[in-house]
Every structure is written in C-alpha cells, then in structure tokens.
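K.L.:
okay, here's the prediction I keep looking at, along with the sequence it came from:
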Amino acid sequence: MNNQNILISIHPKHVKNILSGEKIFEYRKTVPKEKISSIVIYSTSPTMKIVAVSKVTNIHSSTPNEIWNKTKDRSGIEKSFYDSYFTNRDTAYAIELSEVQTLDNQISLSELGGSIFPPQSFQYIDSTLFEKIKHLGNVKSWTRQRLFS
C-alpha cells in the first residue's frame, strides 16, 4: 500500500512548540499500521482548526525510557508530563516530524465537509483530501525551506 497521510489532534501548547521547532517529536501510545508520509495537524480547543502539515521522517518505537533518552532534547515537553502520559505502558512511539509548514489559512473541519472529526488518536485521510487541505491552507509546496533543522 502507498504511504498514508493522517490527521492528528494536538493541544495548542504543543502545536506552538512544534511550529517553533522546539518540539520535533509527537508522542503517541499507538501509531498507524501503514507507513505514514505526512501529518495534518489539528489544534484542539480553543483553536479547533487545522493549522499545519508536516512530513514524517521516522516513527521511533521502544520502551518509554529509551524513547525519552533518545528524543528528550527536541521533545518540547517536560519529563513529568511524558512520564504521566506513558504510565503503565511498555511501548512508546515518537513520530519524528520534518518540514513543518504552517497553513496561511487555518481550516475548520466543517470547511472540509464529509465525516471529518477531531480524532482521539489519528484518522487516515486520502490524497485528495490532503491536497484539498494544502490548497485551502495555501501551502505552496514541500520545499527545502524548513522551520527548523
């Protein structure tokens, strides 16, 4: 199967850290089974809009302690928050983001029509919808220009 795109919900505080480049890892308890090429970032309340798109460089998987040790310098979160999130978990996932692009025009989910809702974990989106989001958001194209290195 081809690489997939997903929509994920992220708290505005963490979105801010992603957009600043302080946070390049998005931590998750579960990840898609399919290979992910891009993520559409939905900022939760009070923003409640799609605010950015990002390429996925890698998805790291290991024990929570090993993932933290590998990613902490660009985690954008406190260790206590991380530990609380992964309490009683044997496996942690860190989605490594690259080429994050802020949408010039933020998009509410209702603008996309259909059955798009803020996902608890993630939601697959097809390439047609992904292109529509990039178009409505005025994303020029994936370029070598990055918000962080």
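P.N.:
Nice, thanks for sending it over.
K.L.:
use CA for all of it now, contacts and neighbours both
P.N.:
Fine.
K.L.:
helices of this structure, start to end?
P.N.:
In the chain, the helices defined using DSSP state H lie at 12-20, 64-71, 79-85, 127-136.
K.L.:
could you dump these to CSV with mean neighbour count, distance to Lys29 and mean pLDDT?
P.N.:
What follows is these, written out as CSV (neighbours: other Cα atoms under 10 Å; distance: least, Cα to Cα, whole Å; pLDDT from 0 to 100):
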stretch, mean neighbour count, distance to Lys29, mean pLDDT
helix 12-20, 17, 16, 96
helix 64-71, 16, 10, 98
helix 79-85, 12, 8, 98
helix 127-136, 15, 24, 93
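K.L.:
so which of the ones you listed comes closest to Ser98?
P.N.:
Among the helices of the chain, helix 12-20 comes nearest to Ser98, with 9.8 Å by Cα to Cα.
K.L.:
who are the packing partners of that closest one?
P.N.:
Here helix 12-20 touches strand 36-43, strand 92-107, going by 3 or more Cα pairs under 8 Å, 6 or more residues apart in numbering; DSSP states H and E.
K.L.:
just the CA atoms of the last one, as CSV, please.
P.N.:
The C-alpha atoms that make up strand 92-107 are tabulated as CSV, following Å, rounded to 0.1, in the frame of the first residue of the first chain:
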residue,chain,number,x,y,z
ALA,A,92,6.2,4.4,23.5
TYR,A,93,6.1,5.9,20.0
ALA,A,94,7.8,9.1,18.9
ILE,A,95,6.7,10.4,15.4
GLU,A,96,9.6,12.5,14.1
LEU,A,97,8.4,15.5,12.2
SER,A,98,10.2,17.5,9.4
GLU,A,99,9.4,20.2,7.0
VAL,A,100,6.5,21.5,9.1
GLN,A,101,4.6,24.1,7.2
THR,A,102,2.1,26.5,8.9
LEU,A,103,-1.1,27.0,6.9
ASP,A,104,-1.5,30.6,5.7
ASN,A,105,-5.3,30.0,6.1
GLN,A,106,-6.3,27.8,9.1
ILE,A,107,-9.1,25.4,8.2
